[in-house]
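Asks: got a predicted model here, sequence first, then my questions.
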Amino acid sequence: MKLNELAPEFQAAQPILADLEAAGFEAYFVGGAVRDALLQRPIHDVDIATSAYPAEVKQIFKRTIDTGIQHGTVTVMAHDVAYEVTTFRTESTYQDFRRPDKVTFVRSLKEDLKRRDFTINALAMRHDGEIIDLFDGLKDLHQGMLRAVGDPYARFHEDALRMMRAVRFQAQLAFQLEAQTKTAIAKNHRLLQKIAIERIHSEFIKLMLASNWQTGLATFIETKMSEAVPGFSGQATQLQKLTALAGHLTNECQVWGLFALTLTLNQKDTRQLLRAWKSANQVIDGTERLRQLATDLQTTDIDEAELKWALFSAGQIAVQDTLSVLKLMARITSEQQAEFRQIYDQLPLQSSKALAVNGQDLMTNGIQPGPELGRTLQRLRYAVVVGQLPNNKAALLSTIKK
Ligand SMILES: Nc1ccn([C@@H]2O[C@H](COP(=O)(O)OP(=O)(O)OP(=O)(O)O)[C@@H](O)[C@H]2O)c(=O)n1
């Protein structure tokens, strides 16, 4: 098979392939960019694989950076774009399920492709768009099938993160997981415990933000990978409920908010879950606000002032997130979503900074710096948000002088 028209990302990198070939080496585009081009999806990094050894690559190109030279990767600069040029290699000895202990450079493309994770990721493309397909990746691509290259057990023992990549690709590409590949994941799910949580986290969030996250999540639970990560052990039934939801998630706080609400986690447990997953503090705070607001909004007897304060406290971004999450969980209707949004939009104060007085004003008026100052500011914010006082400096200061 041949791609008739090469995407501009490949065209820009063609001279690199041409230079390597002119020097007598083989060179191909490989990995995700080839897969995504064939699927007509946006292309990210264009990676190049070559039979030239790193030292040979460095001799051919003027501007190179030794990015991961011990693993065979030299970064080649072409018109200020950086391309990773990696020597064909085998990664024979794995002991920690994560990283190749020993990289051996080889001259054979087949050796290089056969150590890759899935057949759709083991395609190579020549400079003219001709596809080299040694593992039936094209057939799997057309059938929407995610299949490990060769023996799935071997592939997952080499790098257990590949099991997470499998469910992530399933969610992103809406592909089926080939039966033996899925069985191998189910049998090896515990290997995930050997993988740094940061790496699992990144794949997990990509999965949850993909258009078919429900399918990817269902496999994550079914294969028991959910048992091998922090926070989800014994929660399969609860988690399964999520897979029935219809809708899209757009950021990480929404993802965790959804989990916190589904697993009915309190503030402490939510923080603990997110810490265990090494989430950024910003994400932890955002998720907590979202979870709290969602809980408040579902309190049926919430009065108007409490509702306004809850919406204000969550802040603008969290308001959108919370309403979407609640809508997604069918806990509020579209009408309620619109109504809450309208109340928020009409609040006299939407951010703490917009209060007509600041700490300095209060100190000038005799309030001591420290907790008293914080409490006074919060009291004034509340009064403005719920409509007891206008957001006016003189009016606000007059209340503290009394
Ligand atoms: N654990 C891994 C990671 C990567 N690869 C191989 O290295 C290529 C490039 O990996 P990477 O850039 O991490 O992922 P992509 O497949 O390009 O996908 P994406 O860009 O969506 O992450 C993959 O296509 C695959 O051939 C692999 O075999 N095993």
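Replies: Now that the structure is in, tell me what you want to look at.
Asks: next up, the contacts around A18.
Replies: Residues counted as contacts of A18 (Cβ atoms under 8 Å, 6 or more residues apart in numbering) are H127. C-beta: built from backbone N, CA, C; applies to glycine.
Asks: likewise for the one 3 residues further on?
Replies: Residues in contact with E21 (Cβ under 8 Å, 6+ apart) are 27, 127.
Asks: what strand or helix carries it?
Replies: helix 8-22 (DSSP states H and E).
Asks: can I get that helix in PDB, CA atoms only?
Replies: Listed next in PDB are the C-alpha coordinates belonging to helix 8-22 (Å, rounded to 0.1, in the frame of the first residue of the first chain):
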ATOM      1  CA  PRO A   8       3.000  18.200   5.400                       C
ATOM      2  CA  GLU A   9       4.500  16.800   8.600                       C
ATOM      3  CA  PHE A  10       6.100  14.000   6.700                       C
ATOM      4  CA  GLN A  11       7.000  16.100   3.700                       C
ATOM      5  CA  ALA A  12       9.000  18.400   6.000                       C
ATOM      6  CA  ALA A  13      11.000  15.500   7.300                       C
ATOM      7  CA  GLN A  14      11.600  13.800   3.900                       C
ATOM      8  CA  PRO A  15      15.100  15.400   3.400                       C
ATOM      9  CA  ILE A  16      16.200  13.500   6.600                       C
ATOM     10  CA  LEU A  17      15.200  10.200   5.100                       C
ATOM     11  CA  ALA A  18      16.800  11.200   1.700                       C
ATOM     12  CA  ASP A  19      20.100  12.100   3.400                       C
ATOM     13  CA  LEU A  20      20.200   8.800   5.300                       C
ATOM     14  CA  GLU A  21      19.400   6.800   2.200                       C
ATOM     15  CA  ALA A  22      22.000   8.700   0.100                       C
END
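Asks: that helix: how far from the chain's middle?
Replies: Taking the mean of its C-alpha atoms, helix 8-22 sits 31 Å from the chain's own mean (Cα atoms, centre = their mean, to the nearest Å).
Asks: for the residue of the stretch 1-150 of the chain found nearest the ligand, give me the pLDDT.
Replies: The ligand sits closest to G32 of the stretch 1-150 of the chain, with a gap of 2.2 Å, by Cβ to the nearest ligand atom. Looking at G32, its pLDDT stands at 97.
Asks: what sits against it?
Replies: Here G32 is in contact with 44-45, 47, 121 (criterion: Cβ under 8 Å, 6+ apart).
Asks: what's the ChimeraX syntax to select whichever of those are buried?
Replies: The ChimeraX selection below is limited to those of the contacts of G32 classed as buried (16 or more other Cβ atoms under 10 Å):
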select :47,121
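Asks: can you give me the buried ones in the helix holding E21?
Replies: Buried residues in helix 8-22 (16+ other Cβ under 10 Å): 9-10, 13, 16-17, 19-21.
Asks: sorry, back to before: could you list which of the contacts of G32 belong to helices?
Replies: Residues of the contacts of G32 located in helices (DSSP state H): none.
Asks: biggest helix in this protein by residues?
Replies: When the chain is scanned for its longest helix (criterion: DSSP H), the result is helix 304-328.
Asks: mind giving me the packing neighbours of that helix?
Replies: Using 3 or more Cβ pairs under 8 Å, 6 or more residues apart in numbering; DSSP states H and E, the elements in contact with helix 304-328 are helix 252-262, helix 281-297, helix 334-345, helix 371-385.
Asks: which of the ones you listed sits most buried?
Replies: Ranked by mean neighbour count, those are led by helix 252-262 with a mean of 24 (mean count of other Cβ atoms under 10 Å).
Asks: and the closest residue to R381 other than its chain neighbours, how far from the ligand?
Replies: Once flanking residues are discounted, R381 sits nearest to L355: 5.6 Å by Cβ to Cβ, 6 or more residues apart in numbering. Look at L355 and the ligand: by Cβ to the nearest ligand atom, to the nearest Å, they are 44 Å apart.
Asks: thinking L355 is in contact with L349, fair?
Replies: Yes: the pair L355 / L349 is scored as a contact, 6.3 Å apart, by Cβ atoms under 8 Å.
Asks: list residues touching both of those two?
Replies: With Cβ under 8 Å, 6+ apart as the test, L355 and L349 both reach 381, 384, 391.
Asks: out of the residues you listed, which one sits closest to the ligand?
Replies: Nearest to the ligand, judged by Cβ to the nearest ligand atom, of these is R381 at 43.6 Å.
Asks: can I get stretch 218-238 in PDB, CA atoms only?
Replies: Output in PDB follows, covering the C-alpha atoms of stretch 218-238 (Å, rounded to 0.1, in the frame of the first residue of the first chain):
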ATOM      1  CA  ALA A 218     -14.900  -1.000  30.800                       C
ATOM      2  CA  THR A 219     -11.900  -3.000  29.700                       C
ATOM      3  CA  PHE A 220      -9.800  -1.400  32.400                       C
ATOM      4  CA  ILE A 221     -12.300  -2.800  35.000                       C
ATOM      5  CA  GLU A 222     -13.000  -6.100  33.200                       C
ATOM      6  CA  THR A 223      -9.300  -7.000  33.000                       C
ATOM      7  CA  LYS A 224      -8.800  -6.100  36.600                       C
ATOM      8  CA  MET A 225      -6.200  -3.400  35.900                       C
ATOM      9  CA  SER A 226      -8.400  -1.200  38.200                       C
ATOM     10  CA  GLU A 227      -7.400  -3.600  41.000                       C
ATOM     11  CA  ALA A 228      -3.700  -2.900  40.400                       C
ATOM     12  CA  VAL A 229      -3.800   0.900  40.800                       C
ATOM     13  CA  PRO A 230      -4.400   2.900  43.900                       C
ATOM     14  CA  GLY A 231      -7.900   3.700  45.100                       C
ATOM     15  CA  PHE A 232     -10.100   1.400  42.900                       C
ATOM     16  CA  SER A 233      -9.600  -1.900  44.500                       C
ATOM     17  CA  GLY A 234     -12.900  -3.600  45.300                       C
ATOM     18  CA  GLN A 235     -14.900  -0.800  43.500                       C
ATOM     19  CA  ALA A 236     -15.600  -2.700  40.300                       C
ATOM     20  CA  THR A 237     -19.400  -2.500  40.600                       C
ATOM     21  CA  GLN A 238     -19.400   1.200  41.400                       C
END
